[in-house]
Every structure is written in structure tokens, then in C-alpha cells.
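Q: Show me how the following folds:
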Amino acid sequence: MRASSKLARIALAVTVLAAITAMLIGSSAGGAQAPASASASLSVVGTGHRAASRRDSFISVWPACACGSHTVLEQFSLADGRSLGALARLPGGPGVQISDPHAVPTGPVWLTISAGPRYQSGVAGGDPAPDSCSGKVVRFDPASEKSTTVLTVPSSELTADAVPSPNGRLVVMVGGGCATSYFNEHLVVENLGSGKEWTIGADAAPCHALFDAAWSPNGSHFVFPYGPSILSPHTRFVPRGTCDAPRFSRLVVVPAGHATPVRSWKLIQADKGCSYMTATFDRWGIAAIEGCEHGQPPGSHNDPNAGDAYLLQLNHRRRTVLRLPLARGYDGGGIATDPRTGTVLVSESQSGSAGNFVWTYDGHKLRKIKRYANGDATTVVAEPW
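A: Numbers count the residues shown, from 1 in each chain. The predicted structure is shown next:
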């Protein structure tokens, strides 16, 4: 999810809107909404600008919120952030969500495209309709402009942020019921060869927060932020569109090869008054973005998306060894490691149209690549390719 989003903000109001749309792109559902079809309307089409993977560039959905008049997959210079050209035209329209691109460097780009759910009323949460979703995972090769549908998602499910394993044999996604994803999201792992699936976090108490996962370099583990529900672990009720806000997010590191019960997770706590937003494995351990309550403007309350933000470096023992300030007000973005160079790409969209930053991180310091205009929505989430 966006929370990519991938990368979503944690809503810390008394209730949370019942649409993954809100969690993916930060917008609420205002009335009935029809999902796009899962065929041509969700297709990825090359622009005629063929390109190869480069160590001195990165890619992003542009705009990353998929909320502009048109949406493309774009390549950018790692030196100064300038555009190197649009690689593909992506679908758009009401209710369409496009997750951040992911790739095994030098390989094709993976895109997750979904639509729905349809909202049945104007009540809080919209009363999402079952079986009103559509979606697919597409593998796009910018060199040949060939687009291949890897997975088609049934109408009963809503899926986001499919990330291939380092060897390309497995994929992990954030999934949930079409009408219930706002309270029961979990990770779905699939072996692309055998079709075998297993889930991680499906037994979490309703109304938790769970964000997209990053693979360890050898493909053996995941790291992801998880905000526990304030409800009892034994709660099994189905809310009708709204949820109490979850607790601030911790980090979870779990084996990728099998399901693990939530009660067995060893949570890595954030700093006091702070919440983890996104994380990735890097050469030094784990790099993560943390948003905090302190530093939030007057009128904000218990909102880690409005206060000070930091890049944290955790060592291999999961202990914080470095804390670098980012721009205040983390309101979306991402973090990803280029396995070819070890460079970590850090993206942050500030709240209130204050800007969208992209940095590189080398284990010691941040280097700003560019500040993009964000228009109160995430513009760029840098991914290595």
C-alpha cells in the first residue's frame, strides 16, 4: 500500500476511510464509484522510447499519485533528477490505482494496477461492495516495449505493490478482500513457477496498518512496517466502512518462505512519538523512514505525517546507529536499495504542497538529487532500474 504505496500515510483520525484508494493515493471516496475493467483499461503501452536499465538513473510512475490528466512510467537522471523520457503510458480514470514500479535491475519493470471497490452509499467509509474490484500485475520491458500480464486478480480481492524476489521466482504483494481491505490487509507471497501461495499477517486483528514489503538481498526475509490494531487480537467482527486508527507502526522482519503467526513477530520499536513509514534492507542492515509527532504544526494532533521525519540506519542487530533529518512532514514516498551499487534511493513528499524530494544515501549522508513540485500529492517515488 502507499502506502505505494507502497506508500500510504497512516491516518490518525478517529476513523479511517474504508477504501484502499485512500490508503494508496491519499484521497477519500466521495460517493459511488465504478471500478475500471481489468482488460484494455488496465493495459501498459510503450511510448516508442525504448530504454535500457542504467546505474545512473531511476524510474518512477509520474505523477506517482496517478492522479494527473495522464500517467506514465518515467526514467530520470540520478545526477540531477531531470527526465530522460517516458517509457510507457499507464491507465488512468476514476478508481484506478497504480503502485510504485519495482524491478530486478537489468530486468523488466513490474507494475501493479487495480481498480475498485465500488462504494454503495455516502455513509462514512462508503460501504464498499464485495466483488467490485479488478486488477493485474504487469511485467513491462522498456527495451522491447513488451508487456506481459503475470497475475490477474479476482474481483473478490484488491492487491497492491507486487515486488519480485531478487531471483524473480517469487512475488510478494499487499492484499485484502475487495470490500474489506481497509481492515484486513496482509502480505501474499506466490511462487510464480508452481502457483503456490502463502500469507503473512492474515491473522492480525482487524483495523491494523501494514505496508509493502522489501526483500533481503538473498530473498530469505521481508522487512515492512506494521501498525498493530487497538482492538483485541481475538476480534473477528467485520466493520462497515470505518476503523479506529491503529497504533504507530513498528518494523517487522520475517522469513519470506512460509507463513508466520503475528504473535511470533518480534517488533522493532520506533522512537517515542514516532512511526515507521517504509523500510528496505541495505548493505549496513536496514534503512527506514520514520515520521514523528514532535514538530507538527499547530492544530495537528498525534500525526506522525505532520512532524519531523528522519532516515534511520539500523545495523544487522536491528539497532539504530544513524539518524538523519529529512524534510518535515512526511506525507508519502519510499525507500529502495540498488543491489548493483548499494545506493539507497529516498523519496519524500511533504504535506501541504511543500515539495517532493529525492535523495541518495550512501550509509553516511544524504545527497539531494532534486526537489519536485508535488501539488499536495506524491509526484516522484524513485526506484532503481
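Q: Could I get the full set of strands for the stretch 201-350 of the chain?
A: 209-210, 214-215, 221-227, 243-244, 250-255, 274-282, 285-292, 309-314, 320-325, 330-337, 344-350 (DSSP state E, counting those that start in this stretch).
Q: Roughly how far does residue 360 sit from residue 148?
A: 31 Å (Cβ to Cβ, to the nearest Å). Glycine gets a C-beta too; all of them are placed from N, C-alpha and C.
Q: The two: which has the busier surroundings?
A: Neighbours per residue, other Cβ atoms under 10 Å: of residue 360 and residue 148, the larger number sits with residue 360, 19 against 11.
Q: any idea where the helices of the stretch 101-250 of the chain begin and end?
A: Here the stretch 101-250 of the chain has its helices, by DSSP state H, counting those that start in this stretch, at 181-184.
Q: Where does pLDDT dip in it?
A: Counting by pLDDT under 70, the stretch 101-250 of the chain shows low-confidence ranges at 237-241.
Q: could you redo the last one with a cut-off of 80?
A: 105-106, 122-125, 182, 235-242 (pLDDT under 80).
Q: okay if I get the strands of the stretch 201-350 of the chain as a markdown table plus mean neighbour count and distance to residue 71?
A: Shown next, in a markdown table, are these (neighbours: other Cβ atoms under 10 Å; distance: least, Cβ to Cβ, whole Å):
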| stretch | mean neighbour count | distance to residue 71 |
| --- | --- | --- |
| strand 209-210 | 26 | 25 |
| strand 214-215 | 24 | 24 |
| strand 221-227 | 23 | 25 |
| strand 243-244 | 18 | 29 |
| strand 250-255 | 19 | 31 |
| strand 274-282 | 26 | 21 |
| strand 285-292 | 25 | 24 |
| strand 309-314 | 22 | 26 |
| strand 320-325 | 14 | 31 |
| strand 330-337 | 28 | 16 |
| strand 344-350 | 27 | 16 |
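Q: averaging pLDDT over each of these, which comes out lowest?
A: The minimum mean pLDDT among the strands of the stretch 201-350 of the chain belongs to strand 243-244 (a mean of 84).
Q: Next, report how far it is displaced from the centre of its chain.
A: Counting by Cα atoms, centre = their mean, to the nearest Å, strand 243-244 is centred 21 Å from the centre of its parent chain.
Q: helices or strands next to it in the packing?
A: strand 15-16 (3 or more Cβ pairs under 8 Å, 6 or more residues apart in numbering; DSSP states H and E).
Q: looking at the strands of the stretch 201-350 of the chain, which is closest to residue 235?
A: Comparison of those against residue 235 by Cβ to Cβ identifies strand 243-244 as nearest, at 10.7 Å.
Q: ok, the closest one: who's next to it in the sheet?
A: strand 15-16 (antiparallel) (DSSP bridges).
Q: ok, residue 385 - contacts?
A: 53, 54, 57, 58, 59, 75, 101, 103, 105, 109 (Cβ atoms under 8 Å, 6 or more residues apart in numbering).
Q: circling back to that earlier point, and the strands of the stretch 201-350 of the chain: which comes nearest residue 264?
A: Counting by Cβ to Cβ, residue 264 lies closest to strand 250-255 out of these; the figure is 8.4 Å.
Q: Give me the three-state assignment for the nearest residue to residue 144 once chain neighbours are set aside.
A: Spatially, and ignoring its direct neighbours in sequence, residue 144 is nearest to residue 50 (7.3 Å; Cβ to Cβ, 6 or more residues apart in numbering). When classified by DSSP: H, G, I helix; E, B strand; the rest coil, residue 50 comes out as coil.
Q: gap between residue 50 and residue 376?
A: Taking Cβ to Cβ, one finds residue 50 at 34 Å from residue 376.
Q: The nearest residue to residue 98 once chain neighbours are set aside: neighbouring residues, count only.
A: Leaving aside its sequence neighbours, residue 98 sits nearest to residue 66 (Cβ to Cβ, 6+ apart; 4.3 Å). Residues near residue 66, counting by other Cβ under 10 Å, number 24.
Q: cool, and residue 44?
A: Neighbours of residue 44 using other Cβ under 10 Å come to 22.
Q: mind listing what it touches?
A: Applying Cβ under 8 Å, 6+ apart, we find residue 44 in contact with 73, 88, 89, 90, 91, 111, 113, 138, 140, 147.
Q: go on, residue 129?
A: 117, 118, 119, 120, 178, 179.
Q: Ok, residue 264 next?
A: Contacts of residue 264 (Cβ under 8 Å, 6+ apart): none.
Q: And it, how close does it get to residue 115?
A: In terms of Cβ to Cβ, residue 264 sits 35 Å off from residue 115.
Q: can you pull the buried residues of the host helix or strand of residue 59?
A: Element membership for residue 59, per DSSP states H and E: strand 57-62. Across strand 57-62, burial judged by 16 or more other Cβ atoms under 10 Å covers 57, 58, 59, 60, 61, 62.
Q: still on that earlier bit, just tell me which of the strands of the stretch 201-350 of the chain ends up closest to residue 169.
A: Nearest of the strands of the stretch 201-350 of the chain (Cβ to Cβ): strand 214-215, 11.4 Å.
Q: Surely residue 71 is in contact with residue 90?
A: Yes. The pair residue 71 / residue 90 is scored as a contact, 4.4 Å apart, by Cβ atoms under 8 Å.
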